[in-house]
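Chemist: Make a model of this:
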Amino acid sequence: MSAAPHPTTVVLPEPINVSPLIRFGRWAALGAGVIYGAVRLHQIKEYHADIRQWQHEKAVVAAEEAAKKKKWLAKDEMRYLMQVVNLPFEEGVKQFGVTDLYKDE
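Modeler: Now for the predicted structure:
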């Protein structure tokens, strides 16, 4: 008695013999693609590193300008407050404790 195959068994046909030249060509194409991808990735990384460096320098300059503007606004605000309170400049600087704002003057 031979056992009948299960009804859900998948029967595959015999594999096709592929020429060694075609097999070599496939592997060569795969290797060339991997090498090209690695080289291209290296090029893109260098390009984007330059862009990130430029963006960082731009952000540093913008932060410095914002800090200067903030200091100028604080100075103007203190001068206005001293005028409203009717304090002399030197006395107002000492009372408000803002001598660090006026060090360069």
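Chemist: hey, where'd the strands end up in the chain?
Modeler: Using DSSP state E, the chain contains no strands.
Chemist: Quick check: the residue nearest to Gln95 when sequence neighbours are not counted vs Phe96, distance?
Modeler: Nearest residue to Gln95 in three dimensions, chain neighbours excluded: Leu87, at 6.7 Å (C-beta to C-beta, 6 or more residues apart in numbering). C-betas here are computed from N, CA, C, even on glycine. Between Leu87 and Phe96 the distance is 9 Å, computed by C-beta to C-beta, to the nearest Å.
Chemist: what's the answer for Asp50, then?
Modeler: 46 Å.
Chemist: ditto for Glu46
Modeler: Applying C-beta to C-beta, the value for Glu46 to Phe96 is 52 Å.
Chemist: do Lys69 as well
Modeler: 20 Å.
Chemist: what about those two, which has more around it?
Modeler: Using other C-beta atoms under 10 Å, the more surrounded residue of Lys69 and Phe96 is Phe96, with 14 against 10.
Chemist: The more buried one and Leu73: what is the separation?
Modeler: According to C-beta to C-beta, Phe96 and Leu73 sit 15 Å apart.
Chemist: likewise Tyr47?
Modeler: Counting by C-beta to C-beta - Tyr47 and Leu73 are separated by 39 Å.
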